[in-house]
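Sequence plus predicted model, see below.
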Amino acid sequence: MNIEKSQKDFAAAQKIIPGGVNSPVRAFKGVGGTPRFFDHAKGAYVTDVDGNTYIDYVGSWGPMILGHAHDAVIAGITETAQKGVSFGAPCELEIDLAQMVIDMVPSIDVIRFVSSGSEATMSALRLARGFTGRDKILKFDGGYHGHADGLLVKAGSGAATFGEPDSAGVPADYAKLTLTAPFQDLDEVKRLFAENKGEIACIIVEPIPGNTGVMDLYSNGFLQSLRDICTAEGALLIFDEVMCGFRVSSGGAQKLFNITPDLTCLGKIIGGGLPVGAYGGREEIMRKISPDGPVYQAGTLSGNPLAMRAGLETLSRLQDDSLYADLEAKSKRLFEGLLAGCKAAGVPATGNRFGSMFTVFFTELEHVTCGADVSGHCDLAFFGKFFNEMLNEGIYLAPSQYEAAFVSAAHTDEDIDNTIAAAERVLAKLTA
């Protein structure tokens, strides 16, 4: 495969951009090789600057649930752009998208738009502190909730890919306000609440963890237990649904599991691929936000009309249950086909899947349930080889064992078959 232009672009970018990328995992440090620089995308496919086309299972890290450059989304963005790309003032599209999200997500009465998932989680934590009058928060080891200072403590995703669970530049005194517990360890959660009685403002958790790879955590009623603990302790439960929101159902993971958080953070899909985030929840909590209340949060590009229109065009098409049934069937077939290919090749592997997001882990473990399982028991070197060989086969996966794969409505049965066949060829080559 010719990647000469990508190689030249990467060399040029490294001279003027840290690592040559604007988000660390894109640098391929966890898998080796040269990042592909993309030129265009349509449906289930992305094409790089050298003209190579790939079946894409990254989907811009989740938001492209309808596929790239969906005709209605592009038409909506184009029409809106003709009227202006940013006002720094209210527009009616904000009302329309807010109402649509409120109608779809069970826990949200009032919502505030921001420009990224990181802004959403950062703002939700500030709100939780302002509402409860408490300073400490509790998160889980490997849980990545954006790059705000207080959240880069035992974080997953890009930090884990580089073996850097914490970030330089985060004040130690500030980090002390972030308590961490292992995933699924309810005894540790209870201990931390007892040790910090009346000091914990909230628990923040991905209801379907995806930033250490997709995790299957809830056979023991973990989420419901967190709900019960927060209610008993006067703390808020925050669901970070930036990744899984609208990905696993039309109402997110909370609808799927029938568990109601106090606050929900959203992003990715609600902007149809444009930069956007949001946080929302019970009205009595959300009314604490300025200008209604004392908790300050602002953003020049919040409620950007292009992002609002892209979100409206996307979410309006996610209210059809048949779309999720189709995504479920395609994702299940691909996931099971990949695992069957590993078994046939004698490659130890397991995986987790919810709806159209999944991760295959190369490991002897029967189940992968936390980030420590990935870092301590998965063959990261083999994943790197598998990733690069799949890339050569025209299959674009996330360049990290710590990430999810995403199936879109644009993927066809032929795409699924071709991907499984490519994996079988790659596994045969790697075990020859």
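Cool, got the structure.

make it CA atoms for all contacts and neighbour counts henceforth
OK.

Below-threshold pLDDT in this protein: ranges please.
149-167, 217-220 (pLDDT under 70).

Find the residue at the geometric middle of it.
The residue lying closest to the centre of the chain (C-alpha atoms, centre = their mean) is Met243, at 3.0 Å.

List the residues that contact that residue.
Neighbour list for Met243: 62-63, 210, 266-269 [criterion: C-alpha atoms under 8 Å, 6 or more residues apart in numbering].

Please identify, among these, the one with the most neighbours.
Gly267 (33 neighbours; other C-alpha atoms under 10 Å).

Quick check: beta-bridge partners of that one?
For Gly267, the beta-bridge partners are Gly277 (DSSP bridges).

Is it correct that it is in contact with Glu119?
No - using C-alpha atoms under 8 Å, Gly267 is not in contact with Glu119; the gap is 9.6 Å.

shared neighbours, the two?
Here Gly267 and Glu119 share the contacting residues Gly277, scored by C-alpha under 8 Å, 6+ apart.

Now do the same contact list for Met56.
Quick fix: residue 56 is Asp, not Met. 44-46, 395-397.

Now it: closest residue in space that isn't a chain neighbour?
The shortest distance from Asp56 to any residue other than its chain neighbours is 4.9 Å, reached at Tyr396 (C-alpha to C-alpha, 6 or more residues apart in numbering).

Burial check on that neighbour, number of neighbours?
23.

Now do the contacts for it.
Tyr396 is in contact with 54-58, 390, counting by C-alpha under 8 Å, 6+ apart.

Those: which two are farthest apart?
Val58 and Met390 (13.3 Å; C-alpha to C-alpha).

Spit out the residues that contact these two alike.
Contacts common to Val58 and Met390, judged by C-alpha under 8 Å, 6+ apart, are 396-397.

can you list contacts of the longest helix anywhere in the chain?
Ranked by number of residues, the top helix in the chain under DSSP state H is helix 321-345. Outside helix 321-345, the residues that touch it by C-alpha under 8 Å, 6+ apart are 248-250, 318, 348-351, 353, 355-358, 360, 407-409, 413, 416-417, 419-420, 423-424, 427-428, 431.

List the buried residues for it?
323-324, 327-328, 330-332, 334-342, 345 (16 or more other C-alpha atoms under 10 Å).

What of stretch 344-359?
Counting neighbours by 16+ other C-alpha under 10 Å, stretch 344-359 gives 345, 347-359 as buried.

cool, stretch 397-416 as well?
Buried residues in stretch 397-416 (16+ other C-alpha under 10 Å): 397-411, 415-416.

same question, stretch 57-73
Buried residues in stretch 57-73, counting neighbours by 16+ other C-alpha under 10 Å, are found at 57-70, 73.

Tell me where the stretch 251-400 of the chain has helices.
In the stretch 251-400 of the chain, the helices defined using DSSP state H, counting those that start in this stretch lie at 252-257, 283-286, 305-315, 321-345, 371-377, 380-392.

packing partners for the shortest one?
Pointing back at helix 283-286 there. strand 110-114, helix 117-132 (3 or more C-alpha pairs under 8 Å, 6 or more residues apart in numbering; DSSP states H and E).
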